[in-house]
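In: sequence and computational prediction follow.
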Amino acid sequence: MAGIKGLIALAFLGSVGMTFLVLACALPQFNNWWPLFVIVFYILAPFPTIISRRFNDDMGSSNACKELCIFITTGIVISSFGLPILLARSPREQPVIEWGACGLILSGNIVVFLTILGVFMVFDNDEVDYSMW
């Protein structure tokens with residue numbers, strides 16, 4: 001039963017993070033859909049870890065593969081935080097997005113990436129019985 005509560009909590013956190021992102025785009029004072037490009041980083045972030053786990057299961061334990069996975073994932077996460085800051089700063093006269101929208105995107109990034117981390121922590125446990133889902 002604890003697995004279902006964790007799954008519900010992760011689904012709630014994911015929806016809160018995406019709500020922050022949509023609010024950054026859709027509020028009348030912001031009204032700009034450029035921040036939705038951050039979703040690409042949300043989709044790409046888990047792939048290196050998933051590929052690394054699959055590769056490590058087949059070939060034995062390799063620290064180089066795991067370290068490369070962490071490096072690529074870190075680059076993706078930092079890029080997702082850098083994109084809204086870059087959009088809010090340039091060009092200086094007429095920025096692409098407002099700083100309020102940038103703040104909403106950054107808070108949404110924190111929530112979504114903590115949710116992705118939570119998914120890996122909850123489902124990494126080998127004692128979880130997947131047949132109950």
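Out: Good, I have the coordinates.
In: which helix in the chain runs the most residues?
Out: Longest helix in the chain by number of residues, with DSSP state H as the criterion: helix 63-89.
In: in terms of helices and strands, where is the closest residue to Trp33 other than its chain neighbours?
Out: Among residues not flanking Trp33 along the chain, Cys25 sits closest, at 5.1 Å (C-beta to C-beta, 6 or more residues apart in numbering). Placement of C-beta: from N, CA and C, glycine included. Applying DSSP states H and E as the criterion places Cys25 in helix 2-26.
In: so which elements touch that helix?
Out: Counting contacts by 3 or more C-beta pairs under 8 Å, 6 or more residues apart in numbering; DSSP states H and E, helix 2-26 packs against helix 99-123.
In: may I see the buried residues of the helix it packs on?
Out: 101-102, 104-109, 111-113, 115-116, 118-119 (16 or more other C-beta atoms under 10 Å).
In: returning to what we had before: check the offset of the helix or strand that the helix holding Cys25 is followed by from the chain's centre.
Out: Counting by DSSP H and E, the element after helix 2-26 in chain order, helix or strand, is helix 38-44. Between the centre of helix 38-44 and the centre of its chain there are 7 Å (C-alpha atoms, centre = their mean, to the nearest Å).
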